[in-house]
Structures are given as C-alpha cells and as structure tokens.
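# Okay, here's the prediction I keep looking at, along with the sequence it came from:
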Amino acid sequence: MSPVKVKMILPALTEAISPYWRPIKYSLFPPLGLATIASFFDHRDDIELQDEHVEVLNLDDDPDLVVIQVYITSAYRAYEIADRYRKKGVYVALGGLHVTALPDEASQHADTIFLGPGEETWPQFLADFRNGTPGKMYQSQKGRSLVGVPPIRRDLIKRNLYLVPNSIVVSRGCPHHCDFCYKEAFFKGGKSFYTQAVDEALAEIDRLPGRHLFFLDDHLFGNTKFASALFDGMLGMNRVWQAAGTVQSILQPGLLEKAVASGLKSLFVGFETLNTENLRQQHKYHNLNRDYTAAIDRLHDAGVMINGSFVYGMDGDDETVFDRTVEWAVDRGIETATFHILTPYPGTALYDRMMSEGRIISNNWDLYDTRHVIYKPTQISPDDLEAGYWRSYREFYRWRNIFAGALTKKTWDDRARHLFYAGGWKKFEPVWDWIIRAERVTKILPMLERILEGFSDNSTPEAGEISTRE
Ligand code: B12
Ligand code: SF4
C-alpha cells in the first residue's frame, strides 16, 4: 500500500497558549505518548508531529490520517481540531486518558477511538486502516507489554523547544490504587503496572544525548527488581536524573542508595496530605503510618532534592490546612512544592463517589485542571479552597520561606543549591518567558544539570564534555 500522510497533534489547554500565562511548565516535556505510537508507522509514511503547547498548529493541511491525544483539560480543543479535519473528510483517530474515561463523548468527534495504552491497539488499527477496514473502537485489554516495542520516534520531536527534551518512561501505570488517580480507569481490563525489559530501557537511555534525564513514570520504584537492575545498569552512564517515587519506596532499604549512585538528584514525592483520615478515605494506604519526615531526611542526606506534591480539599481538610501544610514543607526544607485542588476525574472511584453524593458542581472539563473547585467540599467553601490554594503557592515561594527552607540544610553547598533551584524556578518567570519565546530554552539545560548536581560535586564533567554528547 502507498505511504500514509499522517498528522499527529497534542492540543494545548487554553491557558498554555495565552500570552499572560507562564509558559515554562508547558515547555518542559515533549509529547512522548504520540512519539511512542508513531514508532509503529512504516518508515515510508510521512509523519508530522505538532505540539500546540510550544508551536502554532497548521490546520490547513490535508493528511490521510489525523491522530490526536486527548487530556481532560485539552478535550474541547482536541474536539474542535478533530471536527475541523473531519469536515474536510480527513480520517480522525482519538486516544489518551480522556477518551478512555469518556468514550461516548469522544466518539462523536472521531472516526476511531482508542481506549487505554496504545502499544497493542495501534498496530492492529494501522493494519486494518491500510486494508481499508478500520474499526470504530479499539480497546486495550489483555496481553499488555512493553517488551519489544520499537524505539520512540524521537526524531519527530522538536528538541530545541523543550527544557527537558530527555523525558523518558520505562514503565506504565503503578502498583497502587488511589481513589483520585487516573490510572484505575485507564488500565481497566488488563495489567495496570508493567515495565520495559531492563536492557531495552537502558538502550533507550543510551540513545538520549546529554546528561540530564527526567523519568515520567508514575512510580519508577514500583517494581524493586526492575528498578534495582535499571539503576545498576545506569552506573557509569554519567547521568543526572529526576523522577517520581512514593514515601514507601524512599524508606525501603537499599533502593534509594542505588538510585543515588546512578545519578538521582531530585524526586517528586506524593505526600498528598498530612491527615491520616484523608489518606484512608482515598485508599492511599501505602502512605499510611509512614514517617514523612524520615523520608525527607533520608533524601536530603543522600543529596536528593524534593518536589513535594500536596492535594487540598479532601473531606478531612478545613481552612487551616493551607498554612499548616506550607509551614510543614518549609520547616522540612522541601525545595519545591506542587499544590493541587482535589479533582475527581471522570472514571475514577472518587468521581463516582462524589457523583453518587450529588457533590459534582461542574462538568466543564476546562476547569478540571487542579486549580478550580468543581465539587462541594465538606469543611471549606469553594472560594476559600481556591484562595487557600493560591496563597500556598505565594507563601511557599516567598523569599523569606525560600531562605528559611535553605537554612535547614546542613552545608553551605546544599543551602546554595536550594536557593538556586527554588528561587530560579519561581522567581524569574519573566526571564524564563523571554528565553522560551526566543526558543533558547535548551541553552538552560547545562545550568539545570549544574544546580541539580550541587556545587560541591566533583564528578561533573567539563562543559566541553557535555556539549560533545549533545
Ligand atoms: C508529563 C506530564 C505533563 C506535562 C506534559 C504532558 C505532555 N507533553 O504530554 C505537563 C507538565 C505539561 C503536564 C501538564 C498538565 N497535566 Co500532566 N502529566 C504528565 C504525566 C506525568 C506523564 C505523561 C506522559 O508522558 N506519559 C507517558 C506516555 C507514554 O503515555 P501517554 O501520554 O498516556 O500515552 C499513551 C496512552 O495514553 C496512549 N495514547 C495517548 N494518545 C493516544 C492517541 C491514540 C490515537 C492512541 C491509539 C493512543 C494514545 O498511548 C500512549 C502509549 O501507551 C502524566 C501522568 C501519566 N502517567 O500519564 C500527567 C497527567 C497526564 N497530567 C494530568 C494533568 C491533570 C495535568 C494538568 C492539568 C495539571 C495542572 N494542574 O496543570 C496540566 C495540563 C495538561 C494539558 N496540557 O492539558 C493528569 C491528566 C488527567 C486526565 N484525565 O486527563 C495526569 C494523568 C496526572 C494525574 N495523575 O492526574 N502534564
Ligand atoms: S501512587 Fe500515585 S500513580 Fe500510583 S495510584 Fe496512587 S496517585 Fe496513582
């Protein structure tokens, strides 16, 4: 069959393309999901991948096939683009988290929809499409695996537009089952946690230029055997890397040490709440009865910075939660923090519970961005919840608090690293903005590597060595 002309699109939520919005967050990571399924195309197929977070979409073209990834916050934009192409007679395929959660809604804007991860269904569809017999819906169920999946088509990614072009995912899903998490709905009908073969993950790492890596896995430490072998394999690769992990995995003897030896420098940790009842209600059992402070100290002692994640608005939260949480995080020297308003995504146990209690107050998906209250909280008014959320960011990132956090560190090097990292991230937004708009964002990467590494570390190669690998 003749080659297919394909357009792949990651639409942006409105705020990401607004001139008034800080673009740094949206210029962090390239569209890995689409680049992953692109690996199943034939080398003769003509593929263009556009990410609206970092570029203006060209919607006037006439491809044979349009492939769109749909997140909840970009759903309306995705549907608008899909409808526009379908009007021209172009075949449109929609997949991703929101399509999986609400297939009936998505199918009104697509010729074919895909539920769940794409590694199994996409090659089936492509074969059917080439034969002229594509189905209306493909659902990933049994037989999920990442073993032998072709390498991600990173050649389709415009690396120079991203601060962290080396984002990487070596697993899918997570072994845990928190009520508010997307994963239960997304992986319904099959395995909800699985990894690549260690050799294939290491080969993918080896293909990435430069030193810095950002693992986007939900829980890189979720399979101890896999993580252990991966970290062992990364020894000597001279990488600096960031990832996400649970309090439980940090406290686990041995694994953190291996991660640090292979270059771990900063970890996103889902503390979520300081209230035990909240944890229980959300079925976040793996955080229950864990000593958060011990986990923080363990990371800091190992030279790992922390991005603490906190969710506000669970039923046990009252109006004191904001100041208490910020104070707790500052006192413990957490370097950066991410606050969220509890958001019941369709398809989650939390959404179903809130629906049955009549507490969902908005089905405007644009507002499901963890910055708006779309349900009735029990102890706080929606206005106070939103105000407390914004106040938390303001307070946490006040210079006074950044200095206070830095001063909890034991050495001057660690204090300096805290100041540069936390201050640099939040306090120089106009500078970031300018750099991003000038498309010079990758120039900052060596500086990020330097800060992550810390100022006393002698293992940093000379700048020339970094640029050779780039
Ligand atoms: C990196 C990331 C970001 C990055 C960039 C995202 C990007 N460029 O793709 C940034 C920082 C910008 C970001 C921002 C936000 N994010 Co985010 N993010 C993630 C994260 C951690 C990883 C995404 C990823 O790369 N996964 C790895 C790839 C391989 O998987 P994938 O993208 O899902 O693709 C697979 C399948 O979905 C499927 N697939 C996808 N598209 C298609 C299309 C077709 C046709 C087919 C066949 C298959 C298919 O096949 C792929 C391979 O299996 C996820 C968590 C997660 N595990 O997904 C949260 C996540 C996607 N984010 C989320 C949210 C809520 C947000 C924000 C609203 C947060 C906020 N408060 O600002 C914003 C707005 C997002 C937006 N643009 O609309 C939620 C989404 C919930 C939902 N139901 O949509 C998630 C799931 C986090 C969570 N646990 O709640 N995010
Ligand atoms: S630990 Fe994180 S990724 Fe895993 S189920 Fe809970 S919220 Fe989701």
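Thanks, I have the structure now. Numbers count the residues shown, from 1 in each chain. Ligands and ions are numbered 1, 2, ... in the order given.

# burial count for Gly262?
Actually, residue 262 is Ser. It isn't Gly. Ser262 has 20 neighbours, counted by other Cβ atoms under 10 Å. C-beta: built from backbone N, CA, C; applies to glycine.

# my read: it touches Leu235, true?
Yes. Using Cβ atoms under 8 Å, Ser262 is in contact with Leu235, at 5.4 Å.

# near ligand 2, which residues of this protein?
Contact residues, the chain versus ligand 2 (Cβ under 6 Å from any ligand atom): Cys174, His176, His177, Cys178, Cys181, Lys183, Asp218, His219, Thr246, Gly270.

# Next, Gly308: secondary structure please.
State at Gly308, reduced to three classes by DSSP: H, G, I helix; E, B strand; the rest coil: strand.

# Surely Gly303 touches Gly454?
Yes. Gly303 is within contact range of Gly454, at 6.1 Å (criterion: Cβ under 8 Å).

# so what's in contact with those two at the same time?
Lys265, Asp414 (Cβ atoms under 8 Å, 6 or more residues apart in numbering).

# His177 - that's part of a helix, no?
No. Assigned with three-state DSSP, His177 falls outside any helix and is coil.

# distance of it from Gly245?
17 Å (Cβ to Cβ, to the nearest Å).

# Of those two, which one has the most company?
Gly245 (27 against 15).

# Check which helix or strand Lys265 maps to.
Per DSSP states H and E, Lys265 falls inside strand 264-272.

# Please compute how far that strand lies from its chain's middle.
12 Å (Cα atoms, centre = their mean, to the nearest Å).

# Ok, stretch 189-205 next?
Relative to the centre of its chain, stretch 189-205 is centred 17 Å away, using Cα atoms, centre = their mean.

# first to last residue in that stretch, what's the distance?
With Cα to Cα, to the nearest Å applied, stretch 189-205 spans 30 Å between its terminal residues.

# so does that stretch get close to ligand 1?
No. Under the criterion of Cβ under 6 Å from any ligand atom, stretch 189-205 makes no contact with ligand 1; the nearest approach is 11.0 Å.

# Could you do stretch 352-363 as well?
No. Against ligand 1, stretch 352-363 shows no contacts by Cβ under 6 Å from any ligand atom, the least distance being 13.5 Å.

# Contacts for that stretch, please.
By Cβ under 8 Å, 6+ apart, the residues outside stretch 352-363 that reach it are Asp179, Pro344, Tyr351, His372, Val373, Ile374, Tyr375, Lys376, Pro382.

# Stretch 323-338 now?
By Cβ under 8 Å, 6+ apart, the list of residues contacting stretch 323-338 from outside reads 266, 268, 274, 293, 296, 300, 305-310, 312, 339, 391-392, 395-396, 401, 404-406, 408-409, 418, 421-422, 425-426.

# Identify each buried residue in that stretch, please.
Within stretch 323-338, the residues that count as buried by 16 or more other Cβ atoms under 10 Å are Thr325, Val326, Trp328, Ala329, Val330, Arg332, Gly333, Ile334, Glu335, Thr336, Ala337.

# what about the third one, is that helix, strand or coil?
So the one you mean is Trp328. Secondary structure assignment for Trp328 (three-state DSSP): helix.

# which residue packs closest to Met137, ignoring adjacent ones?
For Met137, ignoring the flanking residues on the chain, the nearest one in space by Cβ to Cβ, 6 or more residues apart in numbering is Ile113 at 5.3 Å.

# do the same with Phe215
Here the residue nearest Phe215, using Cβ to Cβ, 6+ apart, is Ala243, at 3.9 Å.

# From the chain's centroid, how far away is the helix or strand containing the one you found?
Following DSSP H and E, one finds Ala243 within strand 240-245. Strand 240-245 sits 12 Å away from the centroid of its parent chain (Cα atoms, centre = their mean).

# how close does Gly118 get to ligand 1?
Shown here: Gly118 relative to ligand 1, a distance of 3 Å by Cβ to the nearest ligand atom, to the nearest Å.

# isn't that residue right next to Ala35, touching?
No. Counting by Cβ under 8 Å, Ala35 is not a contact partner of Gly118; they are 11.2 Å apart.

# neighbour-wise, which of these two wins?
More crowded of Gly118 and Ala35, by other Cβ under 10 Å: Gly118, with 24 against 21.

# Could you pick out the buried ones from the contacts of stretch 352-363?
Burial by neighbour count, judged by 16+ other Cβ under 10 Å, picks out Asp179, Pro344, Tyr351, His372, Val373, Ile374, Tyr375, Pro382 from those.

# neighbouring contacts of the next helix or strand after the strand holding Lys265?
For strand 264-272, the following helix or strand on the C-terminal side (DSSP H and E) is helix 276-281. Contact with helix 276-281 is made by Asp179, Glu272, Thr273, Tyr285, Asn287, Leu288, Asn289, Met314, Asp315, Gly316, Asp317, as judged by Cβ under 8 Å, 6+ apart.

# Select only the buried ones of these in PyMOL?
A single PyMOL command selects the buried members of the contacts of helix 276-281 (16+ other Cβ under 10 Å):
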select buried, resi 179+272+273+287+314+316+317
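
# Sitting in strands, which of the contacts of helix 276-281 do you find?
Counting by DSSP state E, the members of those that fall within strands are Glu272.

# For the residues of the chain next to ligand 2, give me CSV that also has distance to Arg280 and pLDDT.
Below are the residues of the chain next to ligand 2 laid out as CSV (distance: Cβ to Cβ, whole Å; pLDDT from 0 to 100):
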residue, distance to Arg280, pLDDT
Cys174, 19, 94
His176, 14, 90
His177, 13, 89
Cys178, 11, 88
Cys181, 16, 92
Lys183, 19, 91
Asp218, 21, 95
His219, 20, 93
Thr246, 16, 93
Gly270, 16, 94
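
# Right, I'll call it a day here.
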